[in-house]
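1. Sequence isn't available, so here's the structure alone:
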């Protein structure tokens, strides 16, 4: 009953004209900035931060920033689906099937499914925050270096499955990603490695540069060498909105994605970024038609998008109830709270109920606004694909180049785009999936960091990974997946041999 | 179709203009958003609101702050840009990578914010007092100290040197990650700045790395003689910049009007506004030499 009263009071804060207005401005600006390649939630929140200091009420300021945060997530998916450019790590997976759907004339359906599953996940995550934020907030503490190391190992195995077709190619792509992720400073010792003496690489290769080069520019280079007969990216656009069959296909992946994202969003240190990857891997593993993944499977869009949005939302739980930022974007929002004189922690709910419950209510309202904003815009976004590529691609190149420069205000980053564009072209020719590389790039570095940290803590004793129950569970699951993968492959080979013999 | 294209191009360039627009004056911070830059965001907010100078924080992360300093100092024109300097990192970068020693190339133009490093433990952890860590009569044990940066690691190294236990520094990506490990019981203690610790719940500050004890924390001096590990933050400009009166005045005015001294003290930071334009010569360089002696000379002796 208390919770119900709190939710009602939260809505009374969120539906004030000022808060509604700022929430709308936040989600709209977030969507618009998120659509620009290279600009993910972190950049959007940083850029729009000064506006918060001009807002008198800290609650309104946080509602605005939260709106920007999940608005950017929506916008990022749009670019991933339409232009095959992931704006941030979490939308990388959406490019695989979302862009394939777009190319088959189902861009509108892909965008609508992404918006609806995000809305559903956002709604569920909001309820989770309202009901379970206190007990769930402690989840972060169960995960130490050993647990994260084992989780990342599981993620790396799952990454192989992102590649459709050859498993060997999938493994190779993950390894290339791991190698690229090693460039930069070693977190544990501070030693700089594989930078070729280039100081700009001391902190590693920026994710956005890698993603824009491999996906966006790589695609354009491919087009230059293989001139299209038609003048447009897609020639036909079927129904703008999903069919009944597509809606049905998206239902269960959305539910599973929401569950996975809600759990992983609670974990700092790389948990949240795994949510969309994990959802994709699960959907592909349990699908009756895994061969459809990578060729425009609805589940490949619905699951990851739901996971992504649920994770973004539940990542607020450790921040609000414990003062722990789970992602860099949440860290900025946390900093804003502190600057405004609000100390996040166990007492925030009792000391600032208007902030806590108002924010929760505004999350649902913001998600609803995003749905209303995005569904009518689907037609406009889809029409981008009808533009001649001779006009559209130069614009994309321009956006990528300015975006690349903006990240660190560095010309080096702009130059770095080109080798990755070439690499993206080569991978496309070889039919290799850059998403596996991205997963290897992100998780490989985290895997190394956590494993080495665990070994420092245990003084070099590898048994630390087996002594901890959570870590042991992840290792067991990884082993089971490995055995299933190998036996499935063996069975496939035997079936193929039989078919050939017959 | 042409209308749609024109519309999209218009949207793109309008957004680009908004996103990449130059603010009045940029305060360049060499770290990613959400950490050190928080302090500079308070500086910027005050100067904008009370000093009449619009300062906008820009994060230019990379190479422990070096990329931001380098790109700033390499400029021919310094219009509209000032630098947010974090003393600890700047000193340690200069010591570990002498080619990145930029200490004497800039001057401080804002008040200096200071906070000593401190050692904290979880409220329900096994280490309860400094005696548990330094008393030689206690049985030898494994102690892991979480650190979020090189300066923090230096204090953990000093603690390891003076404790008879098997003490190791475990590096994390920043203080927040290290704090989660501490509260989760995955490490035994954590080193960070005092000002950051007093905002955290569920921890106990065992000691501060300065001679004078603080109200809520004793000094580590009885266990580590002559300990003095104080981090500091300020706004700086290149020495090549001649006319800085306007911005100096704006920053000072914001402090006078806003009376931020109390605000910072409450958060565990002290303010040193006695700059006399020689802060680098008077404080920073001697600090650099002292740490260099502790870290480099000691390791040479060991070799």
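-> Nice, thanks for sending it over. Every value quoted in this text rests on a predicted model; they were computed, and no experiment measured them.
2. need the strands for the chain, in chain order.
-> As the question left the chain open, I've gone with chain A. In chain A, strands defined by DSSP state E lie at A:184-185, A:192-193, listed in chain order.
3. Oops, wrong one, chain B.
-> Along chain B, the segments classed as strands by DSSP E run B:25-29, B:55-59, B:81-86, B:106-108, B:112-122, B:142-147, B:166-171, B:189-193, B:203-208, B:230-238, B:270-272.
4. Now tabulate the ones you listed in TSV and tack on mean pLDDT, distance to residue A:24 and mean neighbour count.
-> Where you see a C-beta, it was placed from the backbone N, CA and C, and this is true even at glycine. Converted to TSV, these look like this (pLDDT from 0 to 100; distance: least, C-beta to C-beta, whole Å; neighbours: other C-beta atoms under 10 Å in any protein chain shown):
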stretch	mean pLDDT	distance to residue A:24	mean neighbour count
strand B:25-29	86	29	22
strand B:55-59	82	24	22
strand B:81-86	87	33	26
strand B:106-108	85	43	22
strand B:112-122	92	37	25
strand B:142-147	94	42	22
strand B:166-171	92	43	20
strand B:189-193	94	39	28
strand B:203-208	93	40	22
strand B:230-238	89	36	23
strand B:270-272	83	40	16
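5. For residue B:181, find the nearest of the ones you listed.
-> With distances scored as C-beta to C-beta, the stretch of the strands of chain B nearest to residue B:181 is strand B:142-147 (5.0 Å).
6. didn't residue A:128 look like it was pressed against residue A:262?
-> Yes. Because the distance of 5.5 Å satisfies C-beta atoms under 8 Å, residue A:128 is recorded as touching residue A:262.
7. Looking at those two, which has the bigger crowd around it?
-> Shown here are residue A:128 and residue A:262; by other C-beta atoms under 10 Å in any protein chain shown, residue A:262 has more neighbours (27 against 21).
8. how many other residues sit next to residue B:126?
-> As a burial measure, residue B:126 scores 11 neighbours (other C-beta under 10 Å).
9. For it, which non-adjacent residue is closest in space?
-> The spatial neighbour of residue B:126 that comes closest, neighbours along the chain excluded (C-beta to C-beta, 6 or more residues apart in numbering or on different chains), is residue B:188 at 6.7 Å.
10. same check, this time on residue B:249
-> What sits nearest to residue B:249 in space, not counting adjacent residues and going by C-beta to C-beta, 6+ apart, is residue B:51, at 7.7 Å.
11. ok, the one residue sitting closest to the centre of chain B to chain A distance?
-> In chain B, the centroid-proximal residue (C-alpha atoms, centre = their mean) is residue B:86; its distance is 4.4 Å. Residue B:86 sits 15 Å away from chain A, going by C-beta to the nearest C-beta, to the nearest Å.
12. Neighbours of residue B:225, how many?
-> By the criterion of other C-beta under 10 Å, residue B:225 has 9 neighbours.
13. Now it: phi and psi?
-> When quoted as degrees, to the nearest 10, the phi and psi of residue B:225 stand at phi -60, psi 140.
14. now swap in residue B:216 and tell me
-> Per degrees, to the nearest 10, the residue geometry at residue B:216, taken as phi and psi, is phi -100, psi 10.
15. which residues touch it?
-> B:198, B:205 (C-beta atoms under 8 Å, 6 or more residues apart in numbering or on different chains).
16. related to what we said a few turns ago, name all residues that make contact with the residue nearest to the centre of chain B.
-> For residue B:86, the contacting residues are B:30, B:31, B:36, B:65, B:231, B:232, B:233, taking C-beta under 8 Å, 6+ apart as the criterion.
17. wait, doesn't the last one sit right on residue B:112?
-> Yes. Under the criterion of C-beta under 8 Å, residue B:233 makes contact with residue B:112 at 7.2 Å.
18. confidence score at residue B:150?
-> As predicted, residue B:150 sits at a pLDDT of 83.
19. Tally up the residues packed near it, please.
-> By other C-beta under 10 Å, the residues close to residue B:150 number 19.
20. excluding its backbone neighbours, what's nearest residue 72?
-> Assuming you mean chain A. The shortest distance from residue A:72 to any residue that is not its chain neighbour, by C-beta to C-beta, 6+ apart, is 3.6 Å, and that residue is residue A:34.
21. Can you look at chain B instead?
-> residue B:83 (5.3 Å).
22. and that neighbour, bridged to which residues?
-> Note on residue B:83: beta-bridge partners residue B:28, residue B:236, judged by DSSP bridges.
23. separation between the closest residue to chain B within chain A and residue A:453?
-> When scored by C-beta to the nearest C-beta, chain A has residue A:331 as its residue closest to chain B, at 2.7 Å. Here the distance between residue A:331 and residue A:453 works out to 20 Å (C-beta to C-beta, to the nearest Å).
24. Looking at these two now, which is surrounded by more residues?
-> More crowded of residue A:331 and residue A:453, by other C-beta under 10 Å: residue A:453, with 27 against 24.
25. show me the contacts for that one.
-> Residues touching residue A:453, when contacts are defined by C-beta under 8 Å, 6+ apart, comprise A:145, A:149, A:188, B:170, B:171, B:172.
26. Contacts for stretch A:423-436 next, please.
-> Applying C-beta under 8 Å, 6+ apart, the set of residues contacting stretch A:423-436 is A:92-93, A:95-96, A:159-160, A:162-166, A:169-170, A:172-174, A:177, A:213-215, A:217-219, A:221-222, A:225, A:294, A:437.
27. near chain B, which residues of the stretch 301-450 of chain A show up?
-> Within the stretch 301-450 of chain A, the positions lying close to chain B (C-beta under 8 Å from any C-beta of the partner chain) are A:322-325, A:328-332, A:334-335, A:338-339, A:343, A:345-347, A:380, A:383-384, A:386-387, A:391, A:395, A:399, A:402, A:406, A:408-410, A:449.
28. try 6 Å this time
-> Proximity of the stretch 301-450 of chain A to chain B is assessed by C-beta under 6 Å from any C-beta of the partner chain, with A:324-325, A:328, A:331-332, A:335, A:339, A:345-346, A:383, A:387, A:402, A:408 identified as the residues in range.
29. Of these, which is the nearest to residue A:205?
-> Proximity to residue A:205 was ranked across these by C-beta to C-beta; first place goes to residue A:408, at 11.8 Å.
30. What pLDDT does the model give the closest one?
-> The predicted local distance difference test score for residue A:408 is 69.
31. Tell me where the model's unsure across the stretch 151-300 of chain B.
-> Low-confidence segments of the stretch 151-300 of chain B, defined by pLDDT under 70, span residues B:256-258, B:273-277, B:297-300.
32. pLDDT value on the closest residue to residue A:7 other than its chain neighbours, please?
-> Of all residues not flanking residue A:7 in the chain, residue A:130 sits nearest, at 5.9 Å (C-beta to C-beta, 6+ apart). You'll see residue A:130 listed with a pLDDT of 83.
33. Run a quick neighbour tally on residue A:130.
-> Using other C-beta under 10 Å as the criterion, residue A:130 is surrounded by 19 other residues.
34. Please see if stretch A:178-196 touches chain B.
-> Yes. Using C-beta under 6 Å from any C-beta as the criterion, contacts between stretch A:178-196 and chain B involve A:187, A:188.
35. Contacts for that stretch, please.
-> Outside stretch A:178-196, the residues within contact range by C-beta atoms under 6 Å, 6 or more residues apart in numbering or on different chains are A:201, A:202, A:203, A:204, A:205, A:440, A:441, A:444, A:445, A:449, A:452, B:171.
36. From residue A:415, how far off is the residue nearest to the first one when sequence neighbours are not counted?
-> Translated: residue A:201. On the basis of C-beta to C-beta, 6+ apart, the spatially nearest residue to residue A:201 that is not a chain neighbour turns out to be residue A:195, at 4.0 Å. Here residue A:195 is placed at a distance of 15 Å from residue A:415 (C-beta to C-beta).
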